[in-house]
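Q: no sequence for this one, just the structure:
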Ligand SMILES: *[C@@H]1O[C@H](CO)[C@@H](O)[C@H](O)[C@H]1NC(C)=O
Ligand SMILES: *[C@@H]1O[C@H](CO)[C@@H](O)[C@H](O)[C@H]1NC(C)=O
């Protein structure tokens, strides 16, 4: 018996790998997109750890922690300027440079003040690094200096720049732009102009990521990666796999390579039931249904412009026949009526899965969109920053959501949109229809992802050369055949000019 156990243990040890996930500073949002996969890998006996620069205590991620403690320093990511962008500005591919620059400044400071800690983490005997695709240069450098293989992890869809670096052959004009303008909730690839917007977003993103973000990261890492400096382009190109949390059934179909997998198409039932206090509030017999207002972990209503806050408060007060739950930090605002419950922590998943819930009013972060899909909850999204407008558009195009334009926010506008969703059955029907096929896969997504990791480890973290597309080694212009297509006009030009 004991010997069988030891054999089993040995077999497991040989197959188990030590994996370090490196995410952006205080990167709870990105980390929690990836933790379900990490927990699945733990079940296969792999050792998983999380690295990030931390400015304050964070939640328990259920992984070993390798944090770099920078308590006492300023975390640029939570500056007031950011809330101004979120509530009042357009968000384009140009804005994408800002978090890359913040991440670079922070990493530069870490390498100046805590290089030993950084180096100690990097040099543990990791088999594989998993790199957050966005804003974590200090993590990229760990893989780079140790020469260990690394895999790119995308907490939303693969960004256009990263995808281009990796030789994806996506038709950028036919994809919904990552940074869809807030005025284009009716985006359609049938319109010429809309395809132009897609194209500009695609090339703009690639330029900002390779250029501006690339330079900032070279600067930040120059003390550990000297001339010819760190290249984000090469870092992506040389990654041995790409995993994304974007569920395939939500996203337009696009070409993909062998080394690409979406692990995001799963739904977990809530682990616990609603507790008494919440249950009592939502089950009020006088209530026509529950409306949940939750804008994710990043948006803080205390920093919202006063007039926008008032609009929400006054409109939510009007829905007296409903029970409204408003997730917000800080004290209960004055003037809210009793049918609105305010809390800094809300059991979001349990409430969305509760049968009386009729509307989810949110910002359109991918995790929120997925929770709406998995609980078949009709939604109203008011996108605030990053790719949220695009996520909201994906849900809208499935007929389960409407989109609010934050620039048009007024009391009648917000009220009409809420009534539109809660008073028409079609949103509920479409949501249920999407959910009915959502996880209909040959193999559960997280299991398949774990299987792909296992195979990757079998080849020591990098698949044989034949596995990767040729286009990784040639330029994008060559990949697009522009060098060939240019011959005809040039020949014609020569003939005509003779
Ligand atoms: C991080 O550093 C601060 C101040 O230097 C300290 O008070 C805190 O306990 C540290 N946190 C951890 C988890 O070590
Ligand atoms: C989108 O299309 C619908 C229906 O055609 C129309 O009512 C609505 O005003 C359009 N919205 C925008 C932002 O163009």
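A: Right, received. Where do you want to start? Computed from a prediction, not measured in an experiment: that's the story for all the values here. Ligands and ions are numbered 1, 2, ... in the order given.

Q: please make it C-alpha for all contacts and neighbour counts, starting now.
A: Fine.

Q: show me the helices in the stretch 201-350 of the chain, by range?
A: Along the stretch 201-350 of the chain, counting by DSSP state H, counting those that start in this stretch, helices occupy 214-221, 232-237, 276-282, 306-318, 348-352.

Q: mean confidence for the last one?
A: Which is helix 348-352. Mean per-residue pLDDT for helix 348-352: 96.

Q: other residues contacting the next helix or strand after that helix?
A: Counting by DSSP states H and E, the next helix or strand C-terminal to helix 348-352 is strand 357-362. Strand 357-362 has contacts (C-alpha atoms under 8 Å, 6 or more residues apart in numbering) with 289-296, 351-352, 368, 372, 377-383, 418, 421-422.

Q: distance check, the residue of the stretch 301-450 of the chain found nearest ligand 2 against residue 201.
A: Ligand 2 sits closest to residue 405 of the stretch 301-450 of the chain, with a gap of 8.1 Å, by C-alpha to the nearest ligand atom. The gap separating residue 405 from residue 201 is 19 Å, by C-alpha to C-alpha, to the nearest Å.

Q: again with residue 474
A: 23 Å.

Q: got a list of what the closest residue to ligand 2 within the stretch 201-350 of the chain touches?
A: Scanning the stretch 201-350 of the chain for the residue nearest ligand 2 gives residue 201, at 19.0 Å (criterion: C-alpha to the nearest ligand atom). When contacts are counted by C-alpha under 8 Å, 6+ apart, residue 201 touches 92-93, 177-179.

Q: give me the number of residues near whichever residue of the stretch 151-300 of the chain sits closest to ligand 2?
A: Closest approach between the stretch 151-300 of the chain and ligand 2, counting by C-alpha to the nearest ligand atom: residue 186, at 4.8 Å. As a burial measure, residue 186 scores 11 neighbours (other C-alpha atoms under 10 Å).

Q: quick one: it is in a strand?
A: No - secondary structure of residue 186 (DSSP: H, G, I helix; E, B strand; the rest coil): coil, not part of a strand.

Q: how about the helices of the stretch 201-350 of the chain in a markdown table, adding distance to ligand 2?
A: A markdown table is the format used below for those (distance: least, C-alpha to the nearest ligand atom, whole Å):
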| stretch | distance to ligand 2 |
| --- | --- |
| helix 214-221 | 35 |
| helix 232-237 | 36 |
| helix 276-282 | 33 |
| helix 306-318 | 20 |
| helix 348-352 | 27 |
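
Q: among the ones you listed, which comes closest to residue 34?
A: Residue 34 sits nearest to helix 348-352 of all these, at 17.3 Å, using C-alpha to C-alpha.

Q: residues contacting the closest one, please?
A: The contact list for helix 348-352, computed with C-alpha under 8 Å, 6+ apart, reads 270, 272-274, 292, 357, 360, 371-372, 375, 377.

Q: who wins for neighbours among those?
A: Most neighbours among the contacts of helix 348-352, by other C-alpha under 10 Å: residue 360, with 29 neighbours.

Q: check the offset of the longest strand along the chain from the chain's centre.
A: If each strand of the chain is counted by residues according to DSSP state E, the longest one is strand 47-54. The chain centroid and the centroid of strand 47-54 are separated by 18 Å under C-alpha atoms, centre = their mean, to the nearest Å.

Q: same deal with stretch 262-274?
A: Relative to its parent chain, stretch 262-274 has a centroid offset of 17 Å by C-alpha atoms, centre = their mean.

Q: do the same with stretch 248-261
A: Its chain's C-alpha centre and that of stretch 248-261 lie 15 Å apart, by C-alpha atoms, centre = their mean.

Q: next, the distance between the ends of that stretch.
A: Start-to-end span of stretch 248-261 (C-alpha to C-alpha) is 9 Å.

Q: list of residues touching that stretch?
A: For stretch 248-261, the external contacting residues (C-alpha under 8 Å, 6+ apart) are 168-171, 175-176, 240-244, 262, 264-265, 394-395, 438, 449, 467-469.

Q: residue 247 reaches residue 267, doesn't it?
A: No - counting by C-alpha atoms under 8 Å, residue 267 is not a contact partner of residue 247; they are 10.5 Å apart.

Q: how about the residues of the stretch 151-300 of the chain that lie near ligand 2?
A: For the stretch 151-300 of the chain, the contact set with ligand 2 under C-alpha under 6 Å from any ligand atom comprises 183-186.

Q: restrict the residues you listed to the buried ones and give me that as a PyMOL selection.
A: The buried residues among these can be selected in PyMOL (16 or more other C-alpha atoms under 10 Å) with this line:
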select buried, resi 185
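
Q: can you add pLDDT and give the residues of the stretch 151-300 of the chain next to ligand 2 back as JSON lines?
A: Formatted as JSON lines, those follow (pLDDT from 0 to 100):
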{"residue": "183", "pLDDT": "96"}
{"residue": "184", "pLDDT": "97"}
{"residue": "185", "pLDDT": "97"}
{"residue": "186", "pLDDT": "97"}
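
Q: which of the residues of the stretch 151-300 of the chain next to ligand 2 sit farthest apart?
A: Based on C-alpha to C-alpha, the longest span within these runs between 183 and 186 and measures 8.2 Å.
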